[in-house]
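Peer 1: Sharing a model prediction with you, sequence too.
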Amino acid sequence: MAAHIFRNRRDNHMSAYFTDYPRYAWQLFSGFRANHEQYLAALRERDLGAWVDIGGSLDILDLANGRLRPQYALLKRNGYNVYGVDFANRPTMRWENWAYRAARWAYRQKLAAPMSADTTLICGDVGVLPFPEARFDAVTSIAAFEHFLDVPSVVAELHRVLRPGGVAWLCIHLFTAPSGGHNLSFAQLPLHSLPAGVEPWDHLRQRRLGFHVPLNEWRRDQYLQAIGQHFEILRHYCAIREGEHLLTAPVAAELAEYEQDELTARDYVIVARKPTA
């Protein structure tokens with residue numbers, strides 16, 4: 001399902017971005033971002049460990065690894081055979097590439113991750129994965145599923161490339177969260193304050209904010225239903241919550257079609273297993 005297209009009104013909020021970029025850089029080099037990635041990695045190890053022998057030499061796919069690749073680095077640090085697939089893995093010579101290289105270096109320093117060459121990073125389409133059937137023991141994905149415009153195709157591909165009994169660990173930044181529109185103070189993690197002139201859940205209530213990245217706008221139960229068509233859902237839970245202090249009675253009444261738990265769940269984890277038969 002394609003994301004809805006809205007008139008771009010980011011100009012009203014650009015001051016927040018000028019504030020956020022220095023804040024993000026400070027978080028990166030101070031170790032705050034690394035601690036966040038370590039927290040998510042610890043959740044993943046705990047969840048996978050209940051169903052997979054994480055002490056073995058696992059073949060793991062880091063789906064939509066991103067340009068900073070912290071989880072790819074952490075998985076490699078743990079000794080797994082890791083592949084990353086993302087269109088962002090295409091080599092470029094633009095100035096942004098040098099900035100990302102510096103950021104990746106900072107991440108790996110804070111994560112105590114190896115500085116080895118990333119020879120298993122592949123430029124590819126997550127909806128048509130360039131791997132044979134039953135290639136991986138596990139798949140991991142963080143803050144990526146919300147950007148996939150054809151979620152069912154991606155889920156079907158994960159089912160194809162996972163071995164029977166293999167586990168998918170998916171952490172999704174829900175669209176229904178206060179920061180789900182991806183235009184609000186991206187350096188706050190979790191979101192605790194709003195830029196001047198922005199109301200909470202603007203992207204749900206008034207559709208005011210134009211999206212600057214692809215978003216499928218799926219809700220929690222849509223993901224669970226789509227994944228459950230191919231996998232056994234082992235567990236699902238909120239990993240990071242935000243916005244409870246913003247959910248006043250008038251706002252909650254206006255958003256009555258959504259449950260409070262859904263509105264305040266920022267990062268939602270779904271753990272699913274491919275059936276063995």
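Peer 2: Looks like it came in fine.

Peer 1: Can you list the helices and strands that the helix or strand containing I172 packs against?
Peer 2: According to DSSP states H and E, I172 maps onto strand 162-173. Counting contacts by 3 or more C-beta pairs under 8 Å, 6 or more residues apart in numbering; DSSP states H and E, strand 162-173 packs against helix 32-49, strand 136-142, helix 220-228, strand 265-273. Quick note: C-beta positions are derived from backbone N, CA and C, even for glycine.

Peer 1: For the ones you listed, give me JSON lines that also has distance to E244, mean neighbour count and mean pLDDT.
Peer 2: Formatted as JSON lines, those follow (distance: least, C-beta to C-beta, whole Å; neighbours: other C-beta atoms under 10 Å; pLDDT from 0 to 100):
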{"stretch": "helix 32-49", "distance to E244": "19", "mean neighbour count": "17", "mean pLDDT": "92"}
{"stretch": "strand 136-142", "distance to E244": "23", "mean neighbour count": "24", "mean pLDDT": "97"}
{"stretch": "helix 220-228", "distance to E244": "17", "mean neighbour count": "17", "mean pLDDT": "98"}
{"stretch": "strand 265-273", "distance to E244": "10", "mean neighbour count": "23", "mean pLDDT": "98"}
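
Peer 1: Any chance of JSON lines for these, columns distance to R101?
Peer 2: Below are the helices and strands packed on strand 162-173 laid out as JSON lines (distance: least, C-beta to C-beta, whole Å):
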{"stretch": "helix 32-49", "distance to R101": "16"}
{"stretch": "strand 136-142", "distance to R101": "21"}
{"stretch": "helix 220-228", "distance to R101": "33"}
{"stretch": "strand 265-273", "distance to R101": "26"}
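
Peer 1: Can you say which of the ones you listed is nearest to L61?
Peer 2: L61 lies closest to strand 136-142 among the helices and strands packed on strand 162-173, at 4.6 Å (C-beta to C-beta).

Peer 1: mind checking which helix or strand I233 is in?
Peer 2: Counting by DSSP H and E, the element that carries I233 is strand 232-241.

Peer 1: which parts of that strand are buried?
Peer 2: The neighbour-count check on strand 232-241 (16 or more other C-beta atoms under 10 Å) flags 234, 236, 238-240 as buried.

Peer 1: now do stretch 119-138
Peer 2: By 16+ other C-beta under 10 Å, the buried positions in stretch 119-138 come out as 121, 124, 126, 129, 131, 135-138.

Peer 1: what about that stretch, distance to the chain center?
Peer 2: 18 Å (C-alpha atoms, centre = their mean, to the nearest Å).

Peer 1: Stretch 241-249 now?
Peer 2: Counting by C-alpha atoms, centre = their mean, stretch 241-249 is centred 22 Å from the centre of its parent chain.

Peer 1: Mind listing what's buried along that stretch?
Peer 2: 242-243, 246-247.

Peer 1: Equivalent analysis for stretch 160-179, please.
Peer 2: 161-162, 166-179.

Peer 1: Can you list the low-confidence ranges for the stretch 51-200 of the chain?
Peer 2: Where the stretch 51-200 of the chain drops to pLDDT under 70, the residues are 92-100, 115-117.

Peer 1: so which of the buried residues of strand 232-241 comes closest to R101?
Peer 2: For the buried residues of strand 232-241, the residue nearest R101 by C-beta to C-beta is I240; the value is 27.7 Å.

Peer 1: mind checking pLDDT for the closest one?
Peer 2: Looking at I240, its pLDDT reads 97.

Peer 1: Next up, the contacts around it.
Peer 2: I240 sits next to 189-190, 266-267 when contact means C-beta atoms under 8 Å, 6 or more residues apart in numbering.

Peer 1: now swap in F136 and tell me
Peer 2: Contacts of F136 were listed using C-beta under 8 Å, 6+ apart, and they are 59-61, 83, 161-163, 166.

Peer 1: Just the closest of those to N183, please.
Peer 2: Once C-beta to C-beta is applied, the member of these that ends up nearest N183 is L61, at 29.6 Å.

Peer 1: Make sure that closest one is indeed in a strand.
Peer 2: Yes - assessed by DSSP: H, G, I helix; E, B strand; the rest coil, L61 belongs to a strand.

Peer 1: Show me what it is bridged to.
Peer 2: With DSSP bridges applied, L61 shows beta-bridge pairing to Y83, V139.
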